[in-house]
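Chemist: Mind folding the following:
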Amino acid sequence: MNPDASAASTFLFEEIFAKRAGTIKAGLDRVRLGDQALGGIAVGTPSILVAGTNGKGSTSGMIWHLLANQGIKAAFYSSPHLIDFRERYRVAGECITDEMLIALLHDMKSRLSTSKSPKIYDELSFFEVATLLAFVVFKESRSQLNVMEVGLGGRLDATNICDPSISVITSIGKDHVEYLGDSLQEIAREKSGVIRKGKPLVYGGRDAASLSVLDVIADEAQKNDAPLYVAGQHFGLLMSGSQATVFGNVPNQFNYEVALPTWLLQRGQYLRENYAIAAFVVALHLNQVKSDLQLSNPINDLISNPKALFSNGSPFPPTLVGRFDIREVDICAKGPNSPNAYMKLRRRIIFDVCHNIEGVETFLRSLNNLIAEKQLPLRLPILMTVLRDKDFSGMIERLEKFAEAIILFQNSSDRSIQREDFTTLQQKKSWQCELFFSESRDEAVKMAGSLPHFTRSHDWMLCGSVHGIGQALRYFDLSVPESF
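Modeler: Numbering: from 1, shown residues only. Below is the predicted model of the structure:
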């Protein structure tokens, strides 16, 4: 639900959202105590746990989508949401209803408040409450499998109280260093906390930073006797001209090479690579449970002939909204002959939630492919919204060579970039493109409609924090589908 706009917004939701104002609380003691008070539900259903600096949202979403599309009652917990709080909770192919979410949250708070630790609810952080609510929702929905996206790090993240049968680390990069450590090696060890004894670990890191700590990942897997499957070795994306396929191979278990689904053909390269991770994880899972599940197709056929699973006819995953998401929208722009005259312009905008340096670099590799194919011009006007605790200067240094101009705008998060940050940014160096600043999303779009850098270009880019991209999607009346 959208806490700002939904009629179902109640005091209770205002209460849990108020918890966001607090600092991140490290440690699993509180959330484990809460889980015990709820009956130990975090480990009651098989799960897949997905961590990573970048790519974990799209990868976990595609894992869930592939399984749910096959008729498995798979549940999906993700964070943060773009527009609607209910996006965090999906069961089978749908979001849960406002009514169900409110009823279960009321019930959960009541049970926690009357438990042996009655103060535990007050002590829980926003993310811990949201995560416990996921386990409550999924138990009530009788899910067959829970796909859980890690919030931050891995070892001390609230999602890590589940007991995954498969753990996934999509990539390693420098982000949240104040919590995870200053070095890539420290961050890799923190994220390796999702590994379980004797259970598979799938590592999807393909960029230089991720590859530089592969030895750390392998060491942590070995300590846990966890079979390690690595991108480029056991699974991956194969390109032959304009043709793309994904492959996966575990000797004596399964071997496949299949075409990408049609909904990925116009998406960024990084999403295709993340799809390769997702497809492999799904194949691993189905191989683990092939004697237990009753599917629309025999399980042995799904493993030996994955085209039945990874079908070109599968619908677009709603979890990919805001990720190399190309949309046609209407813009109100100043007319050419009068400063008081306005006209409607149809523009194509690429929305992307790249919110750190590695995310921007990954996005730009995909963007560069479209430029090379002459599907986009060499430079685009960019609208960008970031959090001030990110290295936004480094992000802009990477974006400027692709930019006609960049409008940085402030979003409604209390962590958003401010005008004083922009002033410091301007003084730092001489930038290759013009930089502008706006105090709000609405003003930023209005400014774009008055600048020739934007009005003369058919293609725009809008990128940054998930919160900010969610605000932008809402401005253009674009929604996240509730079902597929």
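
Chemist: mind giving me the domain split of the protein?
Modeler: Dividing the chain into domains by automatic domain parsing, as the record does, gives the ranges 11-320, 325-475.

Chemist: For those domains, give me JSON lines that also has distance to S483, mean neighbour count and mean pLDDT.
Modeler: No exception for glycine: its C-beta is placed from N, CA and C like everyone else's. Putting these into JSON lines (distance: least, Cβ to Cβ, whole Å; neighbours: other Cβ atoms under 10 Å; pLDDT from 0 to 100) gives the following:
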{"stretch": "domain 11-320", "distance to S483": "4", "mean neighbour count": "19", "mean pLDDT": "89"}
{"stretch": "domain 325-475", "distance to S483": "18", "mean neighbour count": "18", "mean pLDDT": "92"}
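
Chemist: For P481, find the nearest of these.
Modeler: Comparing the domains of the chain by their distance to P481 (Cβ to Cβ), the top pick is domain 11-320, with 4.0 Å.

Chemist: Please state the offset of the closest one from the chain centre?
Modeler: The gap between where domain 11-320 is centred and where its chain is centred comes out at 10 Å by Cα atoms, centre = their mean, to the nearest Å.

Chemist: now swap in stretch 378-392 and tell me
Modeler: Centroid separation for stretch 378-392 versus its chain: 18 Å, with Cα atoms, centre = their mean.

Chemist: Let me have the domains of the chain in JSON lines, extended by distance to E482.
Modeler: As requested, these are exported to JSON lines (distance: least, Cβ to Cβ, whole Å):
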{"stretch": "domain 11-320", "distance to E482": "4"}
{"stretch": "domain 325-475", "distance to E482": "14"}
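
Chemist: could you measure the residue nearest to I16 when sequence neighbours are not counted against D84, distance?
Modeler: Nearest in space to I16, with sequence neighbours left out and distances taken as Cβ to Cβ, 6 or more residues apart in numbering, is V129 at 5.1 Å. Relative to D84, V129 is positioned 17 Å away (criterion: Cβ to Cβ, to the nearest Å).

Chemist: Same question for E397.
Modeler: Plainly put, E397 is 34 Å away from D84 if you go by Cβ to Cβ.

Chemist: I'd assumed I102 was in a helix, is it?
Modeler: Yes. When DSSP: H, G, I helix; E, B strand; the rest coil is applied, I102 is found to be in a helix.

Chemist: A51 versus that one, what's the distance?
Modeler: Computed as Cβ to Cβ, the I102 to A51 distance reads 30 Å.

Chemist: residues in contact with the residue nearest to L380 when sequence neighbours are not counted?
Modeler: By the measure of Cβ to Cβ, 6+ apart, the closest residue to L380 outside its immediate chain neighbours is M461, 4.8 Å from it. M461 makes contacts with I349, I350, D352, L367, L380, P381, I382, L383, F402, as judged by Cβ atoms under 8 Å, 6 or more residues apart in numbering.

Chemist: Narrow those residues to those in helices?
Modeler: Counting by DSSP state H, the contacts of M461 place L367 in helices.

Chemist: wait, which of the contacts of M461 is closest to D182?
Modeler: Nearest to D182 among the contacts of M461, counting by Cβ to Cβ, is D352 at 26.9 Å.

Chemist: Show the contacting residues for the closest one.
Modeler: By Cβ under 8 Å, 6+ apart, the contact list for D352 reads G268, G322, R323, F324, D325, F363, M461, L462, C463, I469.

Chemist: Quick check: the third one touching K56?
Modeler: The reference is to R323. No. R323 lies out of contact with K56 (Cβ atoms under 8 Å); the separation is 11.6 Å.

Chemist: For I331, give its distance to A472.
Modeler: Using Cβ to Cβ, one gets 12 Å for the distance from I331 to A472.

Chemist: cool, and E94?
Modeler: Counting by Cβ to Cβ, the gap from E94 to A472 is 25 Å.

Chemist: One more: M447?
Modeler: 14 Å.

Chemist: List the contacts of the residue most central in space within the chain.
Modeler: Using Cα atoms, centre = their mean, the residue of the chain that lies closest to the mean C-alpha position is G57, 2.4 Å off. In this structure, G57 makes contact with S78, E149, T319, R323, V353, judged by Cβ under 8 Å, 6+ apart.

Chemist: In strands, which of those appear?
Modeler: Using DSSP state E, the members of these that fall in strands are E149.

Chemist: would JSON lines of the contacts of G57 with distance to G27 be doable?
Modeler: Written out in JSON lines, the entries for the contacts of G57 read as follows (distance: Cβ to Cβ, whole Å):
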{"residue": "S78", "distance to G27": "22"}
{"residue": "E149", "distance to G27": "20"}
{"residue": "T319", "distance to G27": "29"}
{"residue": "R323", "distance to G27": "31"}
{"residue": "V353", "distance to G27": "28"}
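
Chemist: Which strands and helices lie in contact with the helix ranked longest in the chain?
Modeler: In terms of residue count, the longest helix belonging to the chain (DSSP H) is helix 269-288. Helix 269-288 sits against helix 56-69, strand 166-169, strand 201-203, strand 235-240, strand 243-250, strand 254-259, helix 299-304, helix 357-372, with contacts defined as 3 or more Cβ pairs under 8 Å, 6 or more residues apart in numbering; DSSP states H and E.

Chemist: Please identify which of the contacts of M461 is nearest to F254.
Modeler: The nearest one, if we look at those relative to F254 and count by Cβ to Cβ, is D352, at 32.8 Å.

Chemist: Can you tell me who that closest one pairs with across the strands?
Modeler: C463 (DSSP bridges).

Chemist: how close does it sit to D84?
Modeler: Counting by Cβ to Cβ, the gap from D352 to D84 is 19 Å.

Chemist: got it, and C95?
Modeler: In this structure, C95 and D84 are 7 Å apart, going by Cβ to Cβ.

Chemist: same thing with S183?
Modeler: Taken as Cβ to Cβ, the spacing of S183 relative to D84 amounts to 37 Å.

Chemist: Dihedrals phi and psi, the closest residue to I349 other than its chain neighbours?
Modeler: Once flanking residues are discounted, I349 sits nearest to W460: 4.7 Å by Cβ to Cβ, 6+ apart. With angles defined as degrees, to the nearest 10, W460 sits at phi -120, psi 170.

Chemist: who's in contact with W460?
Modeler: Residues R347, R348, I349, I350, L380, P381, I382, L383, A448, F454 are the ones in contact with W460 under the rule Cβ under 8 Å, 6+ apart.

Chemist: let's see it at 7 Å
Modeler: R347, I349, L380, P381, L383, F454 (Cβ atoms under 7 Å, 6 or more residues apart in numbering).

Chemist: D122 too?
Modeler: D122 is in contact with no residue at all, counting by Cβ under 7 Å, 6+ apart.

Chemist: angle of the longest helix of the chain against strand 243-250?
Modeler: Angle between the axes of helix 269-288 and strand 243-250 is 30 degrees (criterion: axes from the mean of the first three to the mean of the last three Cα atoms, to 10 degrees).

Chemist: can you dump the C-alpha coordinates of helix 269-288 into PDB?
Modeler: Coordinates of each C-alpha in helix 269-288 appear next as PDB, following Å, rounded to 0.1, in the frame of the first residue of the first chain:
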ATOM      1  CA  GLN A 269      22.600  -6.100 -21.000                       C
ATOM      2  CA  TYR A 270      22.900  -6.300 -17.200                       C
ATOM      3  CA  LEU A 271      19.300  -7.500 -16.900                       C
ATOM      4  CA  ARG A 272      20.100 -10.300 -19.400                       C
ATOM      5  CA  GLU A 273      23.100 -11.300 -17.300                       C
ATOM      6  CA  ASN A 274      21.000 -11.200 -14.100                       C
ATOM      7  CA  TYR A 275      18.400 -13.400 -15.900                       C
ATOM      8  CA  ALA A 276      21.200 -15.900 -16.500                       C
ATOM      9  CA  ILE A 277      21.700 -16.000 -12.700                       C
ATOM     10  CA  ALA A 278      18.000 -16.400 -12.100                       C
ATOM     11  CA  ALA A 279      17.500 -19.200 -14.600                       C
ATOM     12  CA  PHE A 280      20.400 -21.100 -13.100                       C
ATOM     13  CA  VAL A 281      19.100 -20.700  -9.500                       C
ATOM     14  CA  VAL A 282      15.700 -21.900 -10.700                       C
ATOM     15  CA  ALA A 283      17.200 -25.000 -12.300                       C
ATOM     16  CA  LEU A 284      19.200 -25.700  -9.100                       C
ATOM     17  CA  HIS A 285      16.000 -25.400  -7.000                       C
ATOM     18  CA  LEU A 286      13.900 -27.600  -9.300                       C
ATOM     19  CA  ASN A 287      16.600 -30.200  -9.300                       C
ATOM     20  CA  GLN A 288      16.600 -30.200  -5.500                       C
END
